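Novice: the sequence and its predicted three-dimensional model are supplied below.
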Amino acid sequence: MTGVERRSLSRRGFLRLGSLGGAAVVLAACAPKVVEVTKIVKEVVKETVIIEGTPQVVEKEVTRVVKEEVTKIVVQKEVKFVNIWTEKDTPFIVKLLEEFDETHPDLKLTIIQTTNAEAAQKLQTLIAAGMPPDAGYWSPGTFTSLAPKGAFFALDEYFARDADVVKPDDFFPLSVQYATVKGKIYGIPWSINIQAFVSVPKLYDDAGVDQPDSNTWTWQDFARIAPSIATGEGGSKKLAIANQSGHYYTFLWAWGGDVLDEANEHRPMLTKAENIEAFKFLRGLYEADVVLSSEYGEAFGGLRPMLAAGRIAHAIHGIGTWNFMKRESEVPWDFWHIPAGPKGRAAPVIPVSFQVVAGAENPEGGWELVKWITDPSYAGRVFAEQLQSPARRSLREPFIKAAQELAPHANILPDVVEYGHVPPRFRLPIGGELEQVVSSEVIDPAIERGEVAIEEALEIAQKKMEEIYAESVAS
């Protein structure tokens, strides 16, 4: 068959659908369904009591709660959900979808199976065919690209109507901010991917250097200590921090700069004085030979193996590296607060949300699904079990408790959200293209190789970014 398969979401059916990639949509119909009914039954019973020494039969009314299963004709309305997860790689999401299907007899869940890489094209194909899904998950980058084009349903009225369940004030503000486009909310927050400061304290001990207080230290403190840690040559080389080519904006934020001007329609502002100072500081770390370069990484197996072997002191990385360290690390490791710059701490975070699709046949059903998945009652269990960083404040404690199985100071992870910033590629449809300009025109020639003056590199990059921005506005 082709298209989208219509069926009950059993575990076997889910696996079968995942392997087929989908089949044809069939409209939901009236279907018999076994449901549990609770009844309050009143009845008169007789019992023998002793009155003045004489047994007598009396009648009295009693109430009983009776539960029974009955077969009813239930009118089910279809909910079509675009799903990128499988039983193999993300079983907890699959389980949530199964639970939703089992606990909502009036809705019939249809899964449209795809992959993360193909989800955007799948949505556009279904919309063009006049068969838009009702809800789904699209990656933050895809959301940033499609939301301004009207691909998703504005959820503001649903948030207001169901505020007692959704609890909007429970979300970290950043998670709602980046689900909002032009003043309208187009996603219900789920999680916030954290890029934390993964640390190997042993390298400080090996160097005979006191471990800093990560609650108070600064990037200047780090720069002063780093050369003592980055010792050795060739195969015995140790380094103070992983390659920063993909995290340069961490330094811009900490110095009070940015790639995009939030106050001026996200226009490029790379030549800002704070950016120049931040890039000069980052260049200094490379000049001091304390940063993992591509040369070292290729020669010795890459960042994660070197980190796990105790050859890199720090890396700004997410859950993939945390789990790798849990499985493979040969040395104790922990989470530290990232050093502060002149304007405070900063770290990359990526908000994740679920969407209802514009033009959906059943937006109410789509909303019920994504509202249910993100409800604290269900999401809390998932975040505790899977170390997903929650978008809700109320779920901090279960997440911290679970994360402490990874490292002693996992309790600081939710704080990263408080000083977190969203990378440019998730803030503007052309953000990824702008980041590529910074990488090719600034990071490679001016920071890593030091062949071009930073000011000159920034001027070149700024000009190219302005051209890309102007073209995007014109189109």
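Specialist: Arrived safely, thanks for sending.

Novice: what's near enough to touch the closest residue to residue 329 other than its chain neighbours?
Specialist: The shortest distance from residue 329 to any non-neighbouring residue, by C-beta to C-beta, 6 or more residues apart in numbering, is to residue 308 (4.4 Å). For every residue, glycine as well, the C-beta is placed using N, CA and C. Contacts for residue 308 (C-beta atoms under 8 Å, 6 or more residues apart in numbering) come out as 324, 325, 328, 329, 330, 331.

Novice: just the closest of those residues to residue 227, please.
Specialist: residue 331 (20.8 Å; C-beta to C-beta).

Novice: number of residues surrounding that closest one?
Specialist: For residue 331, the neighbour count with other C-beta atoms under 10 Å is 15.

Novice: likewise for the one 4 residues further on?
Specialist: Here the count is done by other C-beta under 10 Å, and residue 335 has 24 residues near it.

Novice: ok, now residue 321?
Specialist: Number of residues near residue 321 (other C-beta under 10 Å) recorded here: 20.

Novice: just the element for it, please.
Specialist: Using DSSP states H and E, residue 321 sits within helix 319-328.

Novice: chain center to that helix, what's the gap?
Specialist: 17 Å (C-alpha atoms, centre = their mean, to the nearest Å).

Novice: again with stretch 100-114
Specialist: Chain-centre distance of stretch 100-114: 23 Å, with C-alpha atoms, centre = their mean.

Novice: give the rounded mean pLDDT of that stretch.
Specialist: On average, the pLDDT along stretch 100-114 is 91.

Novice: neighbour-wise, which of the contacts of residue 308 leads?
Specialist: Compared across these, residue 325 has the highest neighbour count, 23 neighbours, by other C-beta under 10 Å.

Novice: tell me how many other residues surround the residue nearest to it when sequence neighbours are not counted.
Specialist: Distances taken as C-beta to C-beta, 6+ apart place residue 333 nearest to residue 325, at 5.3 Å, with adjacent residues excluded. Other residues near residue 333 come to 24 when the count uses other C-beta under 10 Å.

Novice: domain-wise, how is this structure divided?
Specialist: If you go by automatic domain parsing, the domain ranges for the chain are 11-29+76-191+352-398, 31-75, 196-351+418-474.

Novice: got the ones you listed as CSV, with distance to residue 409 columns?
Specialist: Conversion of these to CSV gives the following (distance: least, C-beta to C-beta, whole Å):
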stretch, distance to residue 409
domain 11-29+76-191+352-398, 15
domain 31-75, 46
domain 196-351+418-474, 5
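
Novice: rank those by pLDDT, which is bottom?
Specialist: domain 31-75 (a mean of 69).

Novice: enumerate every residue touching the closest residue to residue 343 other than its chain neighbours.
Specialist: Excluding its sequence neighbours, the residue lying closest to residue 343 (C-beta to C-beta, 6+ apart) is residue 256, at 3.9 Å. By C-beta under 8 Å, 6+ apart, residue 256 lies in contact with 274, 341, 342, 343.

Novice: what segments of the stretch 151-300 of the chain are helices?
Specialist: Secondary structure of the stretch 151-300 of the chain, counting by DSSP state H, counting those that start in this stretch: helices at 156-161, 163-166, 173-177, 202-206, 219-229, 248-254, 273-287, 294-299.
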